[in-house]
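A.B. asks: Whatever this is, show me its structure:
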Amino acid sequence: MVKIDIFTSPHYPVDRKILRKSVEESLAKVGIKSFIQVGVSIVGDRKVRALNRKYRGQDKTTNVLSFPVTEANIDFEATASSGKTV
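C.D. replies: Sure, this is the predicted structure:
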């Protein structure tokens, strides 16, 4: 089972059905078969530039940022989670 959380604003409309299918197909291609949770945020250039500057020290926009899960209380036997993608 795949749990996909999609975060966006009205400024950036997205076809959630197509996005979900893309994530599911990508996971299937790399052989992910266990339960996994994926978060996807659709943001503009200002936000992605700010995140890139804050977390990577790069003061520029980029197409994709991904963040690993660092919470110590995650039960990896119950949930496979690689982080959040922006």
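A.B. asks: Return the list of helices and strands in contact with the longest helix seen in the chain.
C.D. replies: The single longest helix within the chain, with elements called by DSSP state H, is helix 16-29. When contacts are defined as 3 or more C-beta pairs under 8 Å, 6 or more residues apart in numbering; DSSP states H and E, helix 16-29 packs onto strand 2-7, strand 36-41. All C-beta atoms are positioned from the backbone trio N, CA, C, and that covers glycine.
A.B. asks: Give me the angle between that helix and strand 36-41.
C.D. replies: For helix 16-29 against strand 36-41, the angle by axes from the mean of the first three to the mean of the last three C-alpha atoms, to 10 degrees is 140 degrees.
A.B. asks: I'd like to know how many residues surround residue 67.
C.D. replies: Residue crowding around residue 67 was assessed by other C-beta atoms under 10 Å; the count is 14.
A.B. asks: my guess is it contacts residue 55, does it?
C.D. replies: Yes - using C-beta atoms under 8 Å, residue 67 is in contact with residue 55, at 7.1 Å.
A.B. asks: and residue 48, how many neighbours does it have?
C.D. replies: 19.
A.B. asks: Report pLDDT for it.
C.D. replies: Residue 48 is assigned 92 on the pLDDT scale.
A.B. asks: Please identify the helix or strand for it.
C.D. replies: helix 45-56 (DSSP states H and E).
A.B. asks: Buried residues in that helix, which are they?
C.D. replies: For helix 45-56, burial by neighbour count (16 or more other C-beta atoms under 10 Å) applies to 47, 48, 49, 51, 52.
A.B. asks: Can you get me a residue count around the residue nearest to the third one when sequence neighbours are not counted?
C.D. replies: For residue 49, the nearest residue in space outside its immediate sequence neighbours is residue 61; the separation is 4.8 Å by C-beta to C-beta, 6 or more residues apart in numbering. By other C-beta under 10 Å, 16 other residues sit near residue 61.
A.B. asks: ok, now how distant is the closest residue to residue 56 other than its chain neighbours from residue 36?
C.D. replies: Spatial nearest neighbour of residue 56, excluding adjacent residues (C-beta to C-beta, 6+ apart): residue 65 at 7.6 Å. Counting by C-beta to C-beta, to the nearest Å, the separation of residue 65 from residue 36 is 19 Å.
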